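*Asks:* pasting a predicted model and its sequence here:
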Amino acid sequence: MSSLVAAPKAVSVYEVGPRDGLQNELRTLATPDKARLIDALVASGLTRIEVTSFVSPRWIPQLADAEKVLALVKRREGVTFSALVPNLKGLERAHAAGLQEAAVFLSVTESHSKKNINKSVAEAVAAAREVASAAHAHGMRVRGYLSTVWGCPYEGLTPVPRVLEVVRQLADLGLSQLSLGDTIGVGTPGHTAQLITEVSRLVPLEQIALHLHDTRGTALANALVGLSMGITTFDSSIGGLGGCPYAPGAAGNLATEDLVYMLQGMGVQTGIDLDRLVGAGELAQELIGRKLSGKYLQAALGEREKQASRARAGA
Ligand code: HMG
Ligand code: MG
């Protein structure tokens with residue numbers, strides 16, 4: 001273990017590629033291909049995967065097949081599938097599809113909230129409360145997302161007191177986890193440390209997750225800050241897929257392989273097999289039809305290619 005930072009012994013990696021990644025792709029994957037990708041992610045050892053969204057198909061056509069995806073993916077003991085749910089209609093769909101966890105999502109800035117879900121922040125808090133209460137009545141767990149926590153595509157950097165104001169309004173929702181979203185990837189380490197310090201005065205550290213987009217190449221640095229401060233859940237996306245269709249310029253999430261590579265090197269347990277994860281990344285790349293941005297993925301695939309050509313030359 002590195003003496004550089006005091007890291008937890010184990011962390012939980014929450015994979016968002018099939019949702020955050022695919023919602024943002026121009027090419028909509030066929031339902032069986034989505035199921036293959038999710039199965040490959042499960043095979044790599046990931047135990048928490050956000051598989052789709054039960055949102056309006058008019059707003060996110062790429063995920064209009066949510067029920068069909070859930071009907072196709074193999075369920076496995078110890079693996080939790082989750083999905084975004086914006087309202088009661090979404091919750092009933094998620095429940096009928098057999099999900100045990102729903103993720104409510106809201107922004108801390110008014111303009112992103114309006115563009116993303118056509119609601120003010122106050123209306124979004126009310127909707128999240130309604131969804132959480134109905135989900136709990138079904139015995140489902142509820143994860144919460146806050147977007148634009150570091151900055152907003154329409155309003156610039158978000159003042160920390162504004163974030164805390166919204167976090168306070170979620171206190172009585174019974175969320176199992178609150179994921180802080182750097183939606184447009186503007187976070188830097190000092191800002192991240194300040195946010196974690198302040199938010200953890202309102203929400204126990206073990207319930208806070210970091211959802212970092214890598215638009216400016218700072219996601220892994222911010223994750224390391226979180227790790228050193230005791231955060232134990234990190235959202236990430238296979239190959240670095242991702243973005244938000246209602247946040248112009250938002251790039252992919254922190255790549256799962258980059259995160260797992262760093263954690264493994266630090267001796268932090270994730271239960272994930274990096275080689276199999278690369279296999280899932282390669283599959284994602286094939287299905288999407290372009291090179292993905294994940295750095296470890298490209299390095300590992302390049303290495304495999306070199307080995308294969310050496311083997312061909314030696315044969
Ligand atoms: P609206 O148009 O204001 O809602 O959208 P509405 O209630 O007037 O409904 C419009 C139509 O959608 C109706 O259909 C509804 O039935 C239908 P019509 O009668 O016109 O045929 N509808 C639904 N259909 C299926 N499932 C539903 C549902 N709800 C309504 N659940 C709404 C409001 C919230 C529905 C819409 O704005 C929406 O779905 N938005 C989702 C946007 C989204 O998914 N954005 C990306 C995810 S957030 C993100 O990426 C950030 C995150 O990663 C963290 C970070 O990075 O910061 C989480
Ligand atoms: Mg996101």
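*Replies:* Yes, it's here. Ligands and ions are numbered 1, 2, ... in the order given.
*Asks:* ligand 1 contacts on the protein?
*Replies:* 20, 23, 53-56, 58-60, 84, 86-87, 89-90, 93, 105, 116-118, 145, 147, 181, 183, 211, 213, 244, 246 (C-beta under 6 Å from any ligand atom). Where you see a C-beta, it was placed from the backbone N, CA and C, and this is true even at glycine.
*Asks:* now, of the residues you listed, which are buried?
*Replies:* 20, 23, 53-55, 59-60, 84, 86-87, 90, 93, 105, 116-117, 145, 147, 181, 183, 211, 213, 244, 246 (16 or more other C-beta atoms under 10 Å).
*Asks:* show me these that map onto strands.
*Replies:* The members of those that map onto strands under DSSP state E are 53, 84, 105, 145, 147, 181, 211.
*Asks:* how near is the last one to residue 177?
*Replies:* Residue 211 sits 11 Å away from residue 177, taking C-beta to C-beta, to the nearest Å as the criterion.
*Asks:* for the fifth one, same thing?
*Replies:* According to C-beta to C-beta, residue 147 stands 15 Å off from residue 177.
*Asks:* repeat for the second one
*Replies:* Using C-beta to C-beta, one gets 14 Å for the distance from residue 84 to residue 177.
*Asks:* who touches both of these two?
*Replies:* Counting by C-beta atoms under 8 Å, 6 or more residues apart in numbering, residue 84 and residue 177 have no shared contacts at all.
*Asks:* other SSEs contacting the helix or strand of the chain with the lowest mean pLDDT?
*Replies:* Lowest by mean pLDDT, DSSP states H and E among the helices and strands of the chain is helix 295-314, with a mean of 94. The helices and strands touching helix 295-314, judged by 3 or more C-beta pairs under 8 Å, 6 or more residues apart in numbering; DSSP states H and E, are helix 256-265, helix 274-288.
*Asks:* which of those is buried the deepest?
*Replies:* helix 256-265 (a mean of 22; mean count of other C-beta atoms under 10 Å).
*Asks:* tell me the angle that helix makes with helix 274-288.
*Replies:* 170 degrees (axes from the mean of the first three to the mean of the last three C-alpha atoms, to 10 degrees).
*Asks:* show me where the protein dips below the pLDDT cut-off.
*Replies:* Scanning the chain for pLDDT under 70 picks out 1-4, 243-247, 249-250.
*Asks:* repeat that for 50
*Replies:* 1-2 (pLDDT under 50).
*Asks:* helices of that one, start to end?
*Replies:* Under the criterion DSSP state H, the chain contains helices at 31-43, 66-72, 88-96, 110-117, 121-137, 160-169, 189-199, 219-228, 256-265, 274-288, 295-314.
*Asks:* quick one, which of those is nearest to residue 5?
*Replies:* helix 219-228 (3.8 Å; C-beta to C-beta).
*Asks:* can I get the closest one in PDB, CA atoms only?
*Replies:* The C-alpha trace of helix 219-228 is given here as PDB (Å, rounded to 0.1, in the frame of the first residue of the first chain):
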ATOM      1  CA  ALA A 219     -11.500  12.800 -12.800                       C
ATOM      2  CA  LEU A 220      -8.800  10.400 -11.600                       C
ATOM      3  CA  ALA A 221      -7.100  13.200  -9.500                       C
ATOM      4  CA  ASN A 222     -10.500  14.000  -8.000                       C
ATOM      5  CA  ALA A 223     -11.100  10.300  -7.200                       C
ATOM      6  CA  LEU A 224      -7.800  10.100  -5.500                       C
ATOM      7  CA  VAL A 225      -8.700  13.100  -3.300                       C
ATOM      8  CA  GLY A 226     -12.000  11.400  -2.500                       C
ATOM      9  CA  LEU A 227     -10.200   8.100  -1.700                       C
ATOM     10  CA  SER A 228      -7.800   9.900   0.600                       C
END
